[in-house]
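Novice: Everything below, folded, please.
(one chain, ligands or ions: 2)
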Amino acid sequence: KMTPAILPSVLSCDFGDMKSELARLTSAGARALHVDVMDGHFVPNLTFGMPIVAGLRRHTELPLDVHLMISDPLRYAPAMVDAGADLLTFHVEAVEDATYTAKEFRKLGVGVGVALDPETPLSDLDGCLSFVDMVLVMSVKAGFGGQPFDSVSLDKLTLLRDNHPGLLLQIDGGINAETIGPARQAGCDLFVVGSALIGRDDYSAALGELDQAVRS
Ligand code: DX5
Ligand code: ZN
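Specialist: Residues are numbered from 1 along each chain as shown. Ligands and ions are numbered 1, 2, ... in the order given. Prediction:
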């Protein structure tokens, strides 16, 4: 069974030592990696772009789930796919026409996700949901790791799950052994975990605890 699945976010990794981070995450049983791309414009933080995604692609076979926190995501989407993204998620707040953006992403032959921040109403997704594979419900405002979980995300997950049984649902922000269970109860499939995993010495133990919490 593909879900529930826990996706480590590389945002909190030691970027000077990604080869050993990848080895540790892989041997801990990670099944995909969540990759946070920030442009210093859509969000007030800056991470990395295509060359780093391509570098990850060269050194891991895990699927790369790329979370674009950037303005004008269509401008960079083709290059992100060339760099090795398997699933590409844009923010609804970053585009004028989410339906058009989703359709253009789909033409690139990747899985398509649409993300929304805690303050953004679900109704902003109206129209585009038929053209995406996944909704990323943010449980913190996009931009930084290590922020506390916002439970407004649980209501959104519940509504999405009830109305769209086949849609993949992902949650991102403040997920740990306490918050992962309620998110699962609300119908979530994919759980991004940054600081609660990467902050630990033993990735296997941390992933095991999260896995147990999501299944209980
Ligand atoms: C936040 C990022 C997250 C981040 C989550 O903008 O999208 O993916 O890595 O980190 P934690 O799990 O520490 O909240
Ligand atoms: Zn993310």
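Novice: When you work out contacts or count neighbours from here on, use the C-alpha atoms and nothing else.
Specialist: Will do.
Novice: what's around residue 36, how many residues?
Specialist: Residue 36 is flanked by 25 other residues according to other Cα atoms under 10 Å.
Novice: three-state assignment of it?
Specialist: Three-state call for residue 36 (DSSP: H, G, I helix; E, B strand; the rest coil): strand.
Novice: what residues does this protein put near ligand 1?
Specialist: 9, 11, 36, 142-147, 172-175, 193-196 (Cα under 6 Å from any ligand atom).
Novice: Could you tell me which of those are located in strands?
Specialist: Those of the residues of the chain next to ligand 1 mapping onto strands are 36, 172, 193, per DSSP state E.
Novice: so the first one bridges to which residues?
Specialist: The one in question is residue 36. Taking DSSP bridges as the rule, residue 36 bridges to residue 67.
Novice: what sits against it?
Specialist: For residue 36, the contacting residues are 9, 10, 11, 47, 66, 67, 68, 69, by Cα atoms under 8 Å, 6 or more residues apart in numbering.
Novice: same check, this time on residue 109
Specialist: So residue 109 contacts nothing (Cα under 8 Å, 6+ apart).
Novice: make it 10 Å
Specialist: For residue 109, the contacting residues are 78, 81, 86, 87, by Cα atoms under 10 Å, 6 or more residues apart in numbering.
Novice: separation between the last one and ligand 1?
Specialist: From residue 87 across to ligand 1, the span is 14 Å (Cα to the nearest ligand atom, to the nearest Å).
Novice: Then the third one?
Specialist: Using Cα to the nearest ligand atom, one gets 16 Å for the distance from residue 86 to ligand 1.
Novice: In helices, which of the contacts of residue 109 appear?
Specialist: Per DSSP state H, helices hold the following members of the contacts of residue 109: 78, 81.
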